[in-house]
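S.K.: starting from these lines, generate the structure:
(2 chains, ligands or ions: 3)
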Amino acid sequence: MSIPRRQFLKTAGFGIAAMAAGPAHAWESKAPDDPLGCLVDVTRCIGCRKCELACNQVNKLPEPETPFEDMRVLDAKRRPTAGAYTVVNRYYPGALDERGQLSPTFVKIQCMHCQDPACVSACVTGALSKKENGTVHYDASRCIGCRYCMVACPFEIPAYDFHDPLTPQVRKCTFCLERLEDGKMPGCASICPTEAITFGRRSVLMRLARERIEGDPARYENHVYGEHEAGGTSWLYIAGQPLAKLGFPAVPDEPLPRRSETIQHALFSYLWSPAALFATLALTMKTLSGSKKDKE
Amino acid sequence: MKTPTRIIPAMIAAAMILAMSVFLPDPATTAPETAKPLGPVEKIRTSLNPRPEGWAAPDHTAALERARAPREYVAKVRLEDPKLRQIRFKNLGLGVGDIKYSYMVLDSPLVNTFENLYGPARFMHSKHAASLGGDCALCHHASPEGADAGTDRLSETVACRSCHQESFNPDHPERIGLKAAYHQQCMGCHETMNRGPVDCVGCHAKRVPDHKELVKLPADPSPIEVTKECLRCHQQAGEDMIKSAHWLWKGPSPFTVEREKKVMSGKATDTMNNFCISLPSNWPRCTSCHAGYGWKDETFDFRDMTRVDCLVCHDTTDSYHKAPPAAGMPAPEVDLKFVAENVGKTNRNTCGNCHFQGGGGDAVKHADMCAVLRYPERNCDVHMGGYDFTCTDCHKAVNHKIRGRSTSLPVAEGSRTCEDCHTNRPHYGNGVLDFHLNKHTDAVACNTCHSPVYSKCKATKTWWDWSEAGDKARKPVKDKFGMEDYNWMKGGFEWKESKKPVYTWYNGYMERLLLGDPIRPDADAFWPGENPSAEAKRRMVATNITAPVGSIKDPSSKIFPFKLMDGIQPADAVNNYLLAPHLYPTSPDDATAYWKNLDWQKAFVDGMKAAGLPYSGEYKWVRTNMYWGIKHEVMPKDMALSCVQCHESLTGEKTCDRCHQDRRDMDFKKLTRTGTDFTKMLAQGRDVAELVNATDYIDFKALGYEGDPILKGGRFKKLPLGRVEP
Ligand code: SF4
Ligand code: SF4
Ligand code: SF4
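M.R.: Ligands and ions are numbered 1, 2, ... in the order given. Below is the predicted model:
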């Protein structure tokens, strides 16, 4: 585990969790130690949408309505959908080029493959799981279509495939799991003409990100998005502008499952076990109804 | 050196088959679109112009091989401050002259990391180096550890792929892979300098996906069914196409003086020539080169996209061809389904099937394009033969509008010049000769030196005398090139091969005589029945149908080479404009077409009716000229004109001291004679005997100079160079 992560645990380890839970019931991160990830360097992205194309091919997604070469789709902001696990958006955060024209910034978005994913925590059937290699994996056979994951994800990533009501599917970036298992790179990282996407171990990517920022502070905002956000993510971003200006949500640094799971744990551990709870309820009801009867 | 123009026998055969198939239609052919024969026709899927065995474009092939050869990985590099590195390299004298390979293809298994969506970029190494002032350090930004250009000149300027190989190498995580290195370097620089392409197709040709699964057609579809199937996905292409010059045969004429604002000029409306004269009333024959189906008369619906002929340009099988007199309909033996399933980018064959055949046969019209260019030798055309260029590598298309301007036709959808790629200082070598040659580029067009003879691969028609037509008894005689001097339908001809062009000042604009424009008031003429001698005809004052605009005093004009097309054609004796005859019989009972009835009067009446102009009833024969720019068939540099070929003043010089005080230790004689040697071409059987040892090649006086500018001064710098003879 890298130093920044340890620091994070030290500094961010307070809050509801610390207050609510004693040591014996502390929430525990299940984050893999040094997962695979990608560093998206927004300053390198030229908005070519080749990553979208590769993603489409790798995941055998349906043919898009407009071809990937058609740059007019960048005129509107898009979110990943069941048919497109990654999308590139164009922003004009305000920087001017040498000719005084607003210069565009392109941002590719997809699942961040959180270290402690809220979606996994929210999933009641275990259809979503965080793998040791970093991927947040979806197992369609276990999914009951409750869509809790969609609500839970702070990045609004999972999309629901409405087209097939019989086999509902939640869809999101797979991190090209099969390719990774074959020792290949993810499709998008592999096709990107400018290496706007660097693939590797998260610790290495964090080092690269820091080096790039320190090596050219005029080019980069001093922030590695995903280092701490949502407790850390396998995909990381560096950019020339604050990521908030590029459509990224302000996500708390705390791992989201910590809050929710802690509350659950607290409920389950300190008050009653569900059985006890129901027994008490039943007894109360009985007593109440009994006294009612008595009055009659 | 191999012979510059040796035509491989198979190519002759192929060219002849093609020429025969399109040349001289039988006057009694059936009407268009009814040509479909009864019963099934055997479909042909084989290439009509197969690639000759062993044909390869040597420069391109060699570059590809170099690009794919693996390199040893340089793990450790020495970084350096870019500015200091620049100066250090300059002090070492590293520069353009050190470049080993001036042409490279940026192809490698290392760059095709996901899928091969685009073809490799062609990279003009020397050109880039020269435009960057020979600053190698700008791109070669780091050195392998231990290398030292001081002891081994090129050891520090290693190939990109020495250091940049696989992406995401865990041992060198920050070392980007070759693909990203190319893109970051090229695009970054193009962006900063605001020069050069930054889009994908600016450098790469997009590969067309396999259409076998995509195309859904019944067996033996009709041409229009094919187009409908294309439009199913490529609706926009159809919409673009029907606004294009290849479809409309008319459009804006931005480079025609006094007609710049005209938007309807073109073959379809008002242009003429001194070959088959003009289109109206002869549609079905002429429109067999139209990128559409069924333009057989003036009622053709140009809004109907389903009549676009997609296949004629996008056939990759080379089996598609049109039936010549069938108004653009494909020949019945073409397997349309097969062709449609094999569509792709245009190539030299698709463009050439029409453009090599201008004037009704191979090489007839254009002096710089013929069927040899399908698979040319390097010496014939260095771009196509050496570097395997297709037409659209230069004539890039956007929205189905194709860049380039023509001297013979007014419609232009953008332009293309040599300088677009080669810059206006195209002699990159940084040597003494390069320096002096680069001083010429403001006054001399590239092809003046680099294409010193036209039609060097195949004879072209240079004289066409319509007044002699109609004599079925006259037997055609073959000239030394094997070309016939007569055809009873068309008249008398003359052909030239390896011919010296005429040179004139040209600024890219043309003067143009359109249908209805008066001929020269002082033009000579002779009457029907009169038969002046060949010499008398050639002395007649001629009207220019097209002529270049330019002047020695105009800084934007350059000396430019042209083929001069000369001939005799009919004019209205009262209205004094050129006549548009009805030549081609559109049906078996066509009673006015000249090629069926041999009656000029009837042909003029119907032809002029179709052209929408009155015919007085009286005609005369006049002489006309057309200037056809020589733009293709650029020869390799060792076949360009040498200095002494134009500058007679240099023939006796032995040193540089005419112009410079320093006598300079160099082989001056060799320097001034670097370039073409017509003796060699002569020995190879070309018709250049009269050019051997010629000097004042471009004729300075005719161009408006007092004489050799070295002796008499240039067009703007009036001081002559060097000493005055005692
Ligand atoms: S980004 Fe959303 S979907 Fe992806 S792992 Fe994180 S919580 Fe789950
Ligand atoms: S990692 Fe794979 S699934 Fe995810 S965005 Fe990239 S290509 Fe698509
Ligand atoms: S492929 Fe790379 S450069 Fe192109 S849009 Fe995607 S991230 Fe950006």
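
S.K.: which helix or which strand is home to the nearest residue to residue B:444 once chain neighbours are set aside?
M.R.: Residue nearest to residue B:444 in three dimensions, not counting chain neighbours: residue B:559, with 5.0 Å by CB to CB, 6 or more residues apart in numbering or on different chains. In short, each C-beta sits where N, CA and C put it, glycine included. Assigned by DSSP states H and E, residue B:559 belongs to strand B:558-572.

S.K.: and the next helix or strand past that strand?
M.R.: Past strand B:558-572, the next helix or strand by DSSP H and E is helix B:594-597.

S.K.: mind listing residues that contact that next one?
M.R.: B:27-28, B:469, B:489, B:581-585, B:590-591, B:600, B:602-603 (CB atoms under 8 Å, 6 or more residues apart in numbering or on different chains).

S.K.: C-terminal to it, what's the next element?
M.R.: The helix or strand immediately downstream of helix B:594-597 is helix B:600-611, counting by DSSP H and E.

S.K.: now that next one: buried residues?
M.R.: Going by neighbour count (16 or more other CB atoms under 10 Å in any protein chain shown), the buried part of helix B:600-611 is B:600-604, B:606-611.

S.K.: give me the residue from the stretch 101-250 of chain A nearest ligand 3.
M.R.: residue A:192 (3.3 Å; CB to the nearest ligand atom).

S.K.: please report the distance of that residue from ligand 1.
M.R.: Residue A:192 sits 20 Å away from ligand 1 when distances are taken as CB to the nearest ligand atom, to the nearest Å.

S.K.: for the nearest residue to that residue once chain neighbours are set aside, which residues are in contact?
M.R.: Leaving aside its sequence neighbours, residue A:192 sits nearest to residue A:51 (CB to CB, 6+ apart; 5.8 Å). Contacts for residue A:51 (CB under 8 Å, 6+ apart) come out as A:86, A:88, A:108, A:187-189, A:191-192, A:197.

S.K.: what do you get if the cut-off is 10 Å, keeping everything else the same?
M.R.: A:40, A:45, A:68, A:85-88, A:108, A:110, A:186-193, A:196-197, B:114 (CB atoms under 10 Å, 6 or more residues apart in numbering or on different chains).

S.K.: same question for residue B:543.
M.R.: B:274, B:513, B:517-525, B:569, B:571, B:576-578, B:622-625.

S.K.: keep only those that also lie close to ligand 1.
M.R.: Contacts with ligand 1 within the contacts of residue B:543, counted by CB under 6 Å from any ligand atom: none were found.

S.K.: filter those residues down to the buried ones, ChimeraX style.
M.R.: Burial among the contacts of residue B:543 is assessed by 16+ other CB under 10 Å; the matching ChimeraX selection reads:
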select /B:274,513,519,523,524,525,569,571,576,577,578,622,623,624,625
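
S.K.: could you check how far the nearest residue to residue B:103 once chain neighbours are set aside is from residue B:477?
M.R.: The spatial neighbour of residue B:103 that comes closest, neighbours along the chain excluded (CB to CB, 6+ apart), is residue B:63 at 5.4 Å. From residue B:63 across to residue B:477, the span is 47 Å (CB to CB, to the nearest Å).

S.K.: what residue ranges in chain B score low on pLDDT?
M.R.: Low-confidence segments of chain B, defined by pLDDT under 70: B:1-39, B:663, B:722-726.

S.K.: contacting residues around the residue most central in space within chain A?
M.R.: Relative to the mean C-alpha position of chain A, the nearest C-alpha, by CA atoms, centre = their mean, is the one of residue A:112, at 3.8 Å. Contacts were defined as CB under 10 Å, 6+ apart; by that measure residue A:112 touches A:37-38, A:136, A:153-155, A:157, A:173, A:225-226, A:229-230, A:232-237, A:248, A:251.

S.K.: next: residue B:287.
M.R.: By CB under 10 Å, 6+ apart, the residues touching residue B:287 are B:32, B:249, B:267-268, B:279, B:293-297, B:300, B:322, B:325-329.

S.K.: excluding its backbone neighbours, what's nearest it?
M.R.: Using CB to CB, 6+ apart and skipping the chain neighbours, the partner closest in space to residue B:287 is residue B:295 (4.1 Å).

S.K.: pull the contacting residues for that neighbour.
M.R.: Going by CB under 10 Å, 6+ apart, residue B:295 touches B:32, B:247, B:249, B:268, B:279, B:283-284, B:286-288, B:301-302, B:307, B:327-329.

S.K.: tell me which element it falls in.
M.R.: Using DSSP H and E, residue B:295 sits in no helix or strand.

S.K.: just to revisit the earlier point, buried among the contacts of residue B:295? Make that a PyMOL selection.
M.R.: Of these, the buried ones go into a single PyMOL selection, burial set by 16+ other CB under 10 Å:
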select buried, chain B and resi 32+247+249+268+279+283+284+286+287+288+307+327+328+329
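
S.K.: looking at the contacts of residue B:295, which one is closest to residue B:262?
M.R.: Ranked by distance to residue B:262 (CB to CB), these are led by residue B:268 at 13.1 Å.

S.K.: tell me how far the closest residue in space to that closest one that isn't next to it in sequence lies from ligand 2.
M.R.: Among residues not flanking residue B:268 along the chain, residue B:249 sits closest, at 3.7 Å (CB to CB, 6+ apart). For residue B:249, the distance to ligand 2 equals 47 Å [CB to the nearest ligand atom].

S.K.: cool, and residue B:406?
M.R.: Plainly put, residue B:406 is 47 Å away from ligand 2 if you go by CB to the nearest ligand atom.

S.K.: ok now do the residue lying farthest from the centre of chain B, which residues does it touch?
M.R.: Distance from the C-alpha centroid of chain B peaks at residue B:171, with 50.1 Å (CA atoms, centre = their mean). Contact analysis of residue B:171 by CB under 10 Å, 6+ apart lists B:73, B:75.

S.K.: got a list of what the residue lying closest to residue B:128 once chain neighbours are set aside touches?
M.R.: Nearest residue to residue B:128 in three dimensions, chain neighbours excluded: residue B:139, at 7.6 Å (CB to CB, 6+ apart). The neighbours of residue B:139, taking CB under 10 Å, 6+ apart as the test, are B:125, B:128-129, B:132, B:157, B:160, B:185-186, B:189.

S.K.: ok, the residue of the stretch 601-726 of chain B found nearest chain A to residue B:273 distance?
M.R.: Nearest to chain A in the stretch 601-726 of chain B, going by CB to the nearest CB, is residue B:632, at a distance of 30.5 Å. As judged by CB to CB, residue B:632 and residue B:273 stand 19 Å apart.

S.K.: more neighbours, the two?
M.R.: residue B:273 (24 against 21; other CB atoms under 10 Å in any protein chain shown).
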